[in-house]
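Got a predicted structure plus its sequence, pasted below:
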Amino acid sequence: MSAGMGNFPSGSDAKGRPLNEKFIKFAAAGFGSGYAPLAPGTAGSLVGIPLYLVFSALSWPLWLITITAFTCLAWYLSDEAEKLFGRKDAPCIVIDEIAGMQWTLFLVAPMPLRIALGFVLFRFFDVLKPFPARFFQQRLPGGYGVVADDLAAAAYAAAVLHVLMRFGGI
């Protein structure tokens, strides 16, 4: 065994857990934001803003491909994290909120008022869970249910945001 590796099997931590389990928990928890003591979903949504700023610099086709891939990753990580946490849609799983923010702000120019309004609208619809969001959360299995309700909330938020941008002078 090489120096600094201790007596741990390759690819595990001090408690013997595979490193991929640690990565899955960390990523699914929005890089730690999901462990916020109050409103972890809101904290996760906030993490989505810097990611949006990076993605919004891409051409719109590459932006679309990137957030689609990110959403697929969110489905996978949410599904695996549910198994690791032993709970359906554990509150610390917030990668779904991060994905929802990407769809809410897709094709929105990065202007502070628009970003703030998109954030507020997304949180509103994510908490309200209008049809079909609650249905998706309750009926779809695993990571699909975790993420799909946020995608529905994002669709509502994006629709309202785009109407306000088009007709409200935002």
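Received the coordinates, thanks.

the helices in this structure, which residues?
With DSSP state H as the criterion, the chain has helices at 19-28, 40-55, 60-85, 95-104, 112-128, 133-139, 142-167.

if you compare those helices, which one is most tucked away?
Highest mean neighbour count among the helices of the chain (mean count of other C-beta atoms under 10 Å): helix 95-104, with a mean of 28. (C-beta placed from N, C-alpha, C; glycine too.)

tell me the mean pLDDT over that helix?
If you average the pLDDT over helix 95-104, you get 98.

For this protein, give me the ranges with low pLDDT.
For the chain, the stretches with pLDDT under 70 are 1-19.

List the residues that contact Arg134.
Contact partners of Arg134, counting by C-beta atoms under 8 Å, 6 or more residues apart in numbering, are Asp149.

Ala69 versus that one, what's the distance?
Distance of Arg134 to Ala69, computed by C-beta to C-beta, to the nearest Å: 27 Å.

now swap in Leu164 and tell me
Relative to Ala69, and taking C-beta to C-beta, Leu164 is found at 28 Å.

Same question for Val147.
Remark: distance between Val147 and Ala69 (C-beta to C-beta) = 13 Å.

Also Gln137?
To Ala69, Gln137 is 23 Å away according to C-beta to C-beta.

thought Lys129 was touching Tyr156?
No - between Lys129 and Tyr156 there is no contact, the gap being 9.8 Å when judged by C-beta atoms under 8 Å.

give me every residue that touches the residue nearest to Ala109 when sequence neighbours are not counted.
Leaving aside its chain neighbours, Ala109 sits nearest to Ser56 (7.7 Å; criterion: C-beta to C-beta, 6 or more residues apart in numbering). Going by C-beta under 8 Å, 6+ apart, Ser56 touches 63, 105, 108-110.

Which of those ranks first by neighbour count?
When neighbours are counted by other C-beta atoms under 10 Å, Leu105 leads the contacts of Ser56 with 28 neighbours.
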